[in-house]
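K.L.:
Using only what follows, build the 3D model:
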Amino acid sequence: MGEALALDAAWLFAAFLIVLVLAASGIAARRFLLERGGATVECGLRRPGGSWRLGIASYQLDEFSWYRTFGFSMRPEVVFLRRDLAVVARRPLTGDEVTVLGPGRLVAECQLTGSGEVTSVDLALAESALTGLLVWLEGAPPGSHRDVAL
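P.N.:
All right, here's what the predicted structure looks like:
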């Protein structure tokens, strides 16, 4: 009886390891495919009243797409249109934020104006990634902003 129980435990442990390896492989493959699609950066996201979530952001032609770090979906969880996103301030991380996001990041306090009302969102990026975000926002083609008066 003891040998059968040990054998069952060994099979259960082996199955657990296989599932764990498959999950890690799936997450790594997803990350590889996301990075293959263009400019990606590690980016934390916090909505008003929410907590920080770790993720990966991807720059597209007119969209800034945000994906959760630990997920399997190839669809972005949040998409910000370039014309609706504005960085209004930046600041260093606080002590509590450093423990969640890690050192060496800045918080970009952003406003979204897409639905007619102004909402805010915070993005945590490395300094070079924040510079890239600002360049991407300023590099919009002429006439792409709907607020521009001619």
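K.L.:
Check this structure and tell me which residue is nearest its centre.
P.N.:
When CA atoms, centre = their mean is applied to the chain, the residue found nearest the centroid is residue 55 (2.7 Å).
K.L.:
For the lengthiest helix in the chain, which helices and strands make contact with it?
P.N.:
Longest among the helix segments of the chain by residue count, using DSSP state H, is helix 2-36. Counting contacts by 3 or more CB pairs under 8 Å, 6 or more residues apart in numbering; DSSP states H and E, helix 2-36 packs against strand 55-59. The C-beta positions use only the backbone N, C-alpha and C, and glycine is treated the same way.
K.L.:
Go ahead and list the helix or strand containing residue 41.
P.N.:
Take DSSP states H and E as the rule and residue 41 turns out to sit in strand 40-42.
K.L.:
now the end-to-end length of stretch 72-81.
P.N.:
When the termini of stretch 72-81 are compared using CA to CA, to the nearest Å, they are 23 Å apart.
K.L.:
For that stretch, give me every contacting residue.
P.N.:
The set of residues external to stretch 72-81 that reach it, using CB atoms under 8 Å, 6 or more residues apart in numbering, is 26-27, 30, 33-34, 45, 55, 58, 62-68, 71, 110, 112, 114, 121.
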